[in-house]
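Undergrad: Got a predicted model here, sequence first, then my questions.
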2 protein chains.
Amino acid sequence: MNRKRNTTLKELAKELGLSISTVSRALNDHPDISTETKESVKILAAQMHYVPNMFAKGFRSQKTNIIGVIVSNITHLFTSTILKSILEEAEIRGYRVIISESNNNEAKQSEMLTTMSQFGVDGVLMSLARKTTYVDDALRILNRMPLVLFDKVSSKIPCTQIVINEEEAAFNAVEHLIGLGKKRIAIMKETENSYNSEKRYAGYLRALNQYGLPVDEKIILSTEDISLVQGKRLANILLSMKNRPDAIFAITDNAAIGAIKALNKFKIKIPEEIAVVGFSNSINSTIISPTLTTVDQPGDKIGRTAVKYLIEEIENPKNDLLTKTVEIKTNLVVRDSSFKA
Amino acid sequence: MNRKRNTTLKELAKELGLSISTVSRALNDHPDISTETKESVKILAAQMHYVPNMFAKGFRSQKTNIIGVIVSNITHLFTSTILKSILEEAEIRGYRVIISESNNNEAKQSEMLTTMSQFGVDGVLMSLARKTTYVDDALRILNRMPLVLFDKVSSKIPCTQIVINEEEAAFNAVEHLIGLGKKRIAIMKETENSYNSEKRYAGYLRALNQYGLPVDEKIILSTEDISLVQGKRLANILLSMKNRPDAIFAITDNAAIGAIKALNKFKIKIPEEIAVVGFSNSINSTIISPTLTTVDQPGDKIGRTAVKYLIEEIENPKNDLLTKTVEIKTNLVVRDSSFKA
DNA sequence: AATTAACACGCAAACGTTTGCGGTAACGAT
DNA sequence: ATCGTTACCGCAAACGTTTGCGTGTTAATT
């Protein structure tokens, strides 16, 4: 197929009997050009469907107006919600977005980072892969272009970081359970030192302390991957205890749902016997029965904020490399799994 | 911040005492260059972290190695699953991906299409916005670059189209219900003429006909947006009938789940009194109780196939513009909502 | 009438890369 | 000694755009 080539400034210039530079300036509303000339140029440009060649443009200006985004898994609703808002906000501000997945693979993440840089993006938005320890690539990127981390972040990388108030959110969730009269609250968390898990655990502990409840190691459960099946498994462990907990705070909706499924199987009354609270406000939390009380994370706000800060840094380069943490507020959505009738 | 500039061929050439062209050829393994020269060039290139400037490259070759993707809503699991495989497959083949959302807005979709073209993508992958009627923009794009449609397609656009076997899938789903001994099967579909809804409805009708079951307009329900709440509403309508159906085929998992919720509320036994089958195999289908029988759509295969065909067309431009439909097989996942004990 | 200032436009370089073409050296064959 | 061949490499143009600088015209000021 003979794909038509795009019209160029040269063709417009020839058609109008003007020089290329005049046409360029006319289209860019340069003050040196008379109003009539601008008019005629713009009219012809529209007629001939002129569109500036982004490559020539970026080639000269060394600016691509593309921002790169690296996430671990695009199919997680929370992630795609963030991506949606990133796309929207970026478009509003005149940027395009290239998305890559690391699949929680650190090597892949490094590779993406360098190809992003090679590709000439103006800046990068990244949510770290789990267990990221090697941050040299990120540091190397940092003196080439701005980088903003979100959700999964690391204090080892001196840049702007957009996170939710993990600790406070967990505190509020546990406080809510305590408010229901629960005295023996189990937690399901991750074994590995993930930023999010650590913070939420800290919030859990603070709530127990503040309300004078004892911390019992036996009902502090950890798992490698905090999934639905693991939630089931851990719930079964809790049920097998002589001294059962009267509430479960799961660090993840999936684990909470797994727990509910296990409790349902044993006809445990939720929330009377055991209340359950999750984290994320995924759609599943309204599908499961009883519906799940959970922490709503405003993904769209995270995305928007991240884009805002990144573009700010792109357009106003700073000389300092410092860690700046921006916290986005969450709020607890109370549903049947912890509803006090 | 003083962002470091990338090293260029010129710098490499100066360092090595060679010409720019020789360095370029050496890096591209041109046969004219001696093995030793290639070696030394490549070593220095690695040392100096040389990365080719994509813009200069694309500028010359008029090839960007970027493909544009337009979907209606990135947060739908089915969509993000497709996107995931598109990202993977594209990366394997050396392409980057730019994603845009139309939000089911036809005007937005047209706009995205033109900015994609303006941006110089090598080809476009698109799933149409609902109720797309104006296809002129797509046609205009088509003689600039290859376009491949997937999932939501239209016969008005002469290009390669990747779809699932909607009709057959629906047929199989209804046939499955008939196999359970169900004789009065309701359907929940969309009012508007969406490609998917039409096809699935056709499959429903064919199954009824083939097994000699009467078609009763009263239990053929349509709704504008086929969502969870609408599923509930329509189920309530069915329950209010004197002559209730003994099965429901919902064109969407969400509607099916809404129906189940309504049935559960009225303590209808599923599947004994009324069986339910959905479409999509969303995660929710395993969360709801009873778990939902549904049609599994292999999103990853759709994405991969779409990329394959698009890149094929990019790299081997054809002279003909014809509609070529590629069908991806689905399969029915039988769960508790239709399980014959 | 001469000088100046403002205005409108053109020339040409530059961005980094690829590539057709031409050139040089070395070497074997005549 | 000359020719042809091969192996390597450099020159320069081209891609489309922006932009500093120069230039010519006109109108206003002295």
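TA: Yep, that arrived.
Undergrad: Whichever residue of the stretch 101-250 of chain A sits closest to chain B is in what secondary structure piece?
TA: Per C-beta to the nearest C-beta, A:Gln118 is where the stretch 101-250 of chain A lies closest to chain B, at 4.0 Å. Any C-beta I mention is one placed from the backbone N, CA and C, and that applies to glycine too. Taking DSSP states H and E as the definition, one finds A:Gln118 inside helix A:106-119.
Undergrad: Could you name the helices and strands sitting against that helix?
TA: Under the contact criterion of 3 or more C-beta pairs under 8 Å, 6 or more residues apart in numbering or on different chains; DSSP states H and E, helix A:106-119 touches strand A:66-71, strand A:96-101, strand A:123-126, helix A:136-142.
Undergrad: How about residues contacting the shortest one?
TA: Under the criterion C-beta atoms under 8 Å, 6 or more residues apart in numbering or on different chains, residues A:67-71, A:86, A:109, A:113, A:116-117, A:138, A:141, A:145-150, A:306-307, A:310-311, A:313-314 lie in contact with strand A:123-126.
Undergrad: So what's the gap between it and the chain middle?
TA: Relative to its parent chain, strand A:123-126 has a centroid offset of 11 Å by C-alpha atoms, centre = their mean, to the nearest Å.
Undergrad: same question, the longest one
TA: Computed by C-alpha atoms, centre = their mean, the separation of helix A:136-142 from the middle of its chain amounts to 20 Å.
Undergrad: anything in it near chain B?
TA: No: Helix A:136-142 lies out of reach of chain B by C-beta under 8 Å from any C-beta of the partner chain, never closer than 8.6 Å.
Undergrad: tell me the average confidence for the next helix or strand after that helix?
TA: Remark: after helix A:136-142, the chain's next helix or strand is strand A:147-150, criterion DSSP H and E. Averaging pLDDT along strand A:147-150 gives 96.
Undergrad: now do stretch A:122-132
TA: 92.
Undergrad: And it, end to end?
TA: Using C-alpha to C-alpha, to the nearest Å, one end of stretch A:122-132 lies 23 Å from the other.
Undergrad: Low-confidence ranges, the stretch 201-341 of chain A, go.
TA: A:340-341 (pLDDT under 70).
Undergrad: Going along the chain, name the strands of it.
TA: Using DSSP state E, counting those that start in this stretch, the strands of the stretch 201-341 of chain A run over residues A:220-223, A:247-250, A:275-277, A:294-296, A:324-328, A:331-333.
Undergrad: now these as CSV including distance to DNA strand C and mean neighbour count?
TA: Below are these laid out as CSV (distance: least, C-beta to the nearest atom of the strand, whole Å; neighbours: other C-beta atoms under 10 Å in any protein chain shown):
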stretch, distance to DNA strand C, mean neighbour count
strand A:220-223, 48, 18
strand A:247-250, 51, 30
strand A:275-277, 54, 30
strand A:294-296, 47, 24
strand A:324-328, 31, 14
strand A:331-333, 49, 15
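Undergrad: do you know which of those strands lies nearest A:Val229?
TA: Ranking the strands of the stretch 201-341 of chain A by proximity to A:Val229 (C-beta to C-beta) places strand A:220-223 first, at 9.6 Å.
Undergrad: Pull up the pairing partners for the helix or strand containing A:Ala186, direction included.
TA: When elements are assigned from DSSP H and E, A:Ala186 belongs to strand A:185-190. Note on strand A:185-190: by DSSP bridges, its sheet partners are strand A:220-223 (parallel), strand A:247-250 (parallel).
Undergrad: separation between the residue lying closest to A:Asn236 once chain neighbours are set aside and A:Ala255?
TA: Closest residue to A:Asn236 apart from its sequence neighbours, by C-beta to C-beta, 6 or more residues apart in numbering or on different chains: A:Ala262 at 5.5 Å. Per C-beta to C-beta, to the nearest Å, A:Ala262 is found 11 Å from A:Ala255.
Undergrad: Over to A:Val333?
TA: Counting by C-beta to C-beta - A:Val333 and A:Ala255 are separated by 17 Å.
Undergrad: Ok, A:Ile20 next?
TA: Distance check for A:Ile20 against A:Ala255: by C-beta to C-beta, it reads 63 Å.
Undergrad: again with A:Pro290
TA: Per C-beta to C-beta, A:Pro290 is found 16 Å from A:Ala255.
Undergrad: quick one: which of these two has more around it?
TA: Shown here are A:Pro290 and A:Ala255; by other C-beta atoms under 10 Å in any protein chain shown, A:Ala255 has more neighbours (31 against 18).
Undergrad: ok now do the nearest residue to that one once chain neighbours are set aside, which residues does it touch?
TA: Nearest-residue entry for A:Ala255: A:Gly231, 3.4 Å, with adjacent residues in sequence omitted and distances by C-beta to C-beta, 6+ apart. By C-beta under 8 Å, 6+ apart, the contact set of A:Gly231 is A:188, A:250, A:252, A:254-259, A:261-262.
Undergrad: And A:Ile248, by the same measure?
TA: A:185-188, A:235, A:238, A:256, A:259, A:274-277.
Undergrad: what do you get if the cut-off is 7 Å, keeping everything else the same?
TA: A:Ile248 makes contact with A:186, A:188, A:238, A:259, A:274, A:276, according to C-beta atoms under 7 Å, 6 or more residues apart in numbering or on different chains.
Undergrad: Kindly report the same for A:Asn196.
TA: Contacts of A:Asn196 were listed using C-beta under 7 Å, 6+ apart, and they are A:152, A:166.
Undergrad: which element is A:Ala173 on?
TA: In the assignment (DSSP H and E), A:Ala173 maps to helix A:166-179.
Undergrad: Alpha carbons only: can I get that helix in CSV?
TA: Output of helix A:166-179 as CSV, limited to C-alpha atoms (Å, rounded to 0.1, in the frame of the first residue of the first chain):
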residue,chain,number,x,y,z
GLU,A,166,-0.3,3.5,55.0
GLU,A,167,0.4,3.6,58.6
GLU,A,168,-2.5,5.8,59.5
ALA,A,169,-4.9,3.9,57.3
ALA,A,170,-4.0,0.7,59.0
PHE,A,171,-4.3,2.4,62.4
ASN,A,172,-7.8,3.6,61.5
ALA,A,173,-8.8,0.2,60.3
VAL,A,174,-7.7,-1.5,63.5
GLU,A,175,-9.1,1.3,65.6
HIS,A,176,-12.4,0.7,63.9
LEU,A,177,-12.3,-3.0,64.9
ILE,A,178,-11.5,-2.0,68.5
GLY,A,179,-14.4,0.4,68.4
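Undergrad: Now that helix: average pLDDT?
TA: Averaging pLDDT along helix A:166-179 yields 97.
Undergrad: which residues touch it?
TA: Contacts of helix A:166-179 (C-beta under 7 Å, 6+ apart): A:185, A:196, A:199-200, A:202-204, A:206-208, A:211, A:247, A:249, A:275, A:277, A:295, A:330, A:332, A:334, A:338.
Undergrad: quick one: the closest residue to A:Ala207 other than its chain neighbours and A:Leu213, what's the gap?
TA: Nearest residue to A:Ala207 in three dimensions, chain neighbours excluded: A:Val174, at 3.7 Å (C-beta to C-beta, 6+ apart). Separation of A:Val174 from A:Leu213 (C-beta to C-beta) stands at 9 Å.
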